[in-house]
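In: Kindly generate the corresponding structure for this input.
(one chain, ligands or ions: 1)
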Amino acid sequence: MTENPARRIQDYQVFGEFGEVNPSISDGATFTFMTADKMTELFSAEIEGCFLYSRHLNPSGHFLSQSLAQLEGTEDAQVMGSGMGAITSALMQLAKQGDEIISSRTIYGGTYAFLKNFFPQFGVKTHFVDITNLELIKSLINENTKVLYCESISNPLLEVANLPELRKIAEEHNLTLVVDNTFSPMVISPKKLGAHVVVYSLTKFINGMNDAVAGAVCGDHSFISSLKSVNDGAAMLLGPVLDPIRASMIMKNMHTLHVRMKQHSSNAMYVAQNLEKMGLRVFYPGLPSHPQHELMKSLMNPNYGFSGIIAFDAGTAENAKKIMERMQELKVGYFAVSLGFYKTLFSSPGSSTSSEIPQEEQDAMGMSPGLVRFSVGLDDDIEESFRRIKQAIQEVL
Ligand SMILES: *Cc1c(COP(=O)(O)O)cnc(C)c1O
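Out: Residues are numbered from 1 along each chain as shown. Okay, here's the model as predicted:
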């Protein structure tokens, strides 16, 4: 298997029913069987190329799942109706009543809320840690610990997880290492670095168009089939299914992912370097001032840069709001949550995507209320965009 994720996606060829260069979109919730025995057989085991019912698997979802498996270098994958659908299904498959999870504290707000407020109702307890503190992680492991959870580049502080070291800990204690790679598709290949299971919100960079919500779980055959089991599979029973039309749209966008990631990364690097030159506190793993810059360099794939997300500290929530409103007026991009879009998006995590995280905990993880997070777009003339960003900041600070 080639080391180049874009090449692997390109080499995965599927044609449509009439030889179209894209696979046909499947238009059926259910599938017909020519013999009764075949249906009985499919209920007991998967049969390649055979479909039962679209919540279980449909051809368009299958093709997208297979291209995601190519991207990650995993044996298999399963697409879901959202990133949260993917994350919650994977975690509910792995942790049962009485089990414990050790999770990074700097994670997506929805994942944090699920682990903190929702999962305990099912008897699953989560310890939130500074994921760079390996000794702390080891000290929290006990016989009930089942899962180690983190984001490869975390939301919103852009901490980089030391996946090879986390894998060693996971192996030693028989834990499953689950990594959310939403911020860094292609840039980082978590499976190659030690993750057992890779989860995604496809809503972000992978689709890149901000016209769909979708997710995926990538892993080995046995784990992916367990998710789809008609008897006890979280994906099958909770039902976060992705519509075939959306699956087909997202699959086409995967073929431009490498081009987009390079442009997002080079634009983000330009903005990060220039914000830092203005004397601001900037968070970007591509900057030598970032605490895990060297680690990031040792983990990342060549040629895709350091991804497109940066953050800077505007000091106070009030300053952050004014700067973002002004940037929108100056057409830098949109004041909106989410990321990975062709236009620049900015928001203040403290009052939006990370507002699920209590203030004391935001303080403990070093998250300033004035933090402004940018998902840098595909701008052709990033110099002009930066002039406007600078103008907005100078008017306020
Ligand atoms: C957006 C996001 C999610 C949730 O994905 P949805 O598609 O919105 O359900 C999970 N993790 C990260 C890092 C995200 O940015």
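
In: pLDDT at the closest residue to residue 3 other than its chain neighbours, what is it?
Out: In space, residue 3 comes closest to residue 301 once its chain neighbours are excluded; the distance is 7.7 Å by Cβ to Cβ, 6 or more residues apart in numbering. C-betas here are computed from N, CA, C, even on glycine. Looking at residue 301, its pLDDT is 97.

In: try residue 46
Out: For residue 46, the predicted pLDDT is 80.

In: Distance-wise, check it relative to residue 26.
Out: Residue 46 sits 17 Å away from residue 26, going by Cβ to Cβ, to the nearest Å.

In: Tell me the residues of this structure that contact the ligand?
Out: Contact residues, the chain versus the ligand (Cβ under 6 Å from any ligand atom): 82-84, 108, 110-111, 151, 155, 180, 182-183, 201, 203-204, 213, 215.

In: Which of those fall within strands?
Out: Of the residues of the chain next to the ligand, the ones assigned to strands by DSSP state E are 151, 180, 201, 215.

In: Looking at those, spot the one nearest the ligand.
Out: Of all those, the ligand sits closest to residue 201, with 3.0 Å by Cβ to the nearest ligand atom.

In: all strands of this protein, in order?
Out: Remark: strands assigned in the chain by DSSP E are 76-80, 100-104, 125-129, 145-151, 176-180, 197-201, 215-219, 282-283, 309-313, 333-335, 344-347, 371-375.

In: Residue 22 is nearest to which of those?
Out: Among the strands of the chain, the nearest to residue 22 by Cβ to Cβ is strand 76-80 (16.2 Å).

In: center of this protein, which residue is that?
Out: residue 182 (1.8 Å; Cα atoms, centre = their mean).

In: As a markdown table, the ones in strands among the residues of the chain next to the ligand with pLDDT would be great.
Out: What follows is these, written out as a markdown table (pLDDT from 0 to 100):
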| residue | pLDDT |
| --- | --- |
| 151 | 97 |
| 180 | 98 |
| 201 | 98 |
| 215 | 98 |
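
In: how about these in TSV, adding neighbour count and distance to residue 236?
Out: Output for these, formatted as TSV (neighbours: other Cβ atoms under 10 Å; distance: Cβ to Cβ, whole Å):
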residue	neighbour count	distance to residue 236
151	25	26
180	30	22
201	29	21
215	28	15
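
In: just for the stretch 101-250 of the chain, where's the confidence low?
Out: Along the stretch 101-250 of the chain, no part satisfies pLDDT under 70.

In: returning to what we had before: inside helices: which ones of the residues of the chain next to the ligand?
Out: Among the residues of the chain next to the ligand, DSSP state H puts 83, 84, 110, 111 in helices.

In: roughly how far apart are the second one and residue 369?
Out: So that's residue 84. 25 Å.

In: Leaving out sequence neighbours, find the closest residue to residue 150.
Out: That would be residue 104: by Cβ to Cβ, 6+ apart, it lies 4.0 Å from residue 150.

In: Please apply the same query to residue 66.
Out: residue 12 (6.2 Å).

In: do the same with residue 151
Out: residue 180 (4.3 Å).

In: what sits against the one you found?
Out: The contact partners of residue 180, by Cβ atoms under 8 Å, 6 or more residues apart in numbering, come to 83, 87, 107-108, 111, 149-152, 198-201.

In: pLDDT at residue 353, what is it?
Out: So residue 353 comes in at 69 (pLDDT).

In: I figured residue 215 hits residue 80, correct?
Out: Yes - Residue 215 is in contact with residue 80 according to Cβ atoms under 8 Å; the separation is 4.2 Å.

In: Overlap of the contact sets of these two?
Out: Contacts common to residue 215 and residue 80, judged by Cβ under 8 Å, 6+ apart, are 86, 240, 242.

In: measure the first one to residue 92 for me?
Out: Computed as Cβ to Cβ, the residue 86 to residue 92 distance reads 11 Å.

In: More neighbours: those two, which one.
Out: Taking neighbours as other Cβ atoms under 10 Å, residue 86 and residue 92 compare with residue 86 leading, 31 against 19.

In: out of everything not next to it in sequence, what's closest to that one?
Out: Nearest to residue 86 is residue 215, by Cβ to Cβ, 6+ apart, at 3.3 Å.

In: returning to what we had before: please report how far the residue nearest to residue 66 lies from the ligand.
Out: 23 Å (Cβ to the nearest ligand atom, to the nearest Å).

In: separation between the nearest residue to residue 47 once chain neighbours are set aside and residue 33?
Out: Of all residues not flanking residue 47 in the chain, residue 41 sits nearest, at 6.6 Å (Cβ to Cβ, 6+ apart). According to Cβ to Cβ, residue 41 and residue 33 sit 10 Å apart.

In: Likewise for residue 321?
Out: 58 Å.

In: How about residue 47?
Out: 11 Å.

In: Check residue 220 too.
Out: 28 Å.

In: Which one of the ones in strands among the residues of the chain next to the ligand is nearest to residue 285?
Out: residue 151 (12.3 Å).

In: related to what we said a few turns ago, list just the nearest of the ones in helices among the residues of the chain next to the ligand to the ligand.
Out: residue 83 (2.2 Å).

In: What is the neighbour count of the residue nearest to residue 3?
Out: The number of residues packed around residue 301, counting by other Cβ under 10 Å, is 17.

In: Now do the same contact list for it.
Out: Residue 301 neighbours (Cβ under 8 Å, 6+ apart): 3, 5, 186, 187, 188, 189.

In: Just the ones of those residues in helices?
Out: residue 5.

In: Drop anything exposed from the contacts of residue 301.
Out: 5, 186, 187, 188, 189 (16 or more other Cβ atoms under 10 Å).

In: and the residues you listed as JSON lines, adding distance to residue 208?
Out: Formatted as JSON lines, the buried ones among the contacts of residue 301 follow (distance: Cβ to Cβ, whole Å):
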{"residue": "5", "distance to residue 208": "15"}
{"residue": "186", "distance to residue 208": "12"}
{"residue": "187", "distance to residue 208": "14"}
{"residue": "188", "distance to residue 208": "17"}
{"residue": "189", "distance to residue 208": "19"}
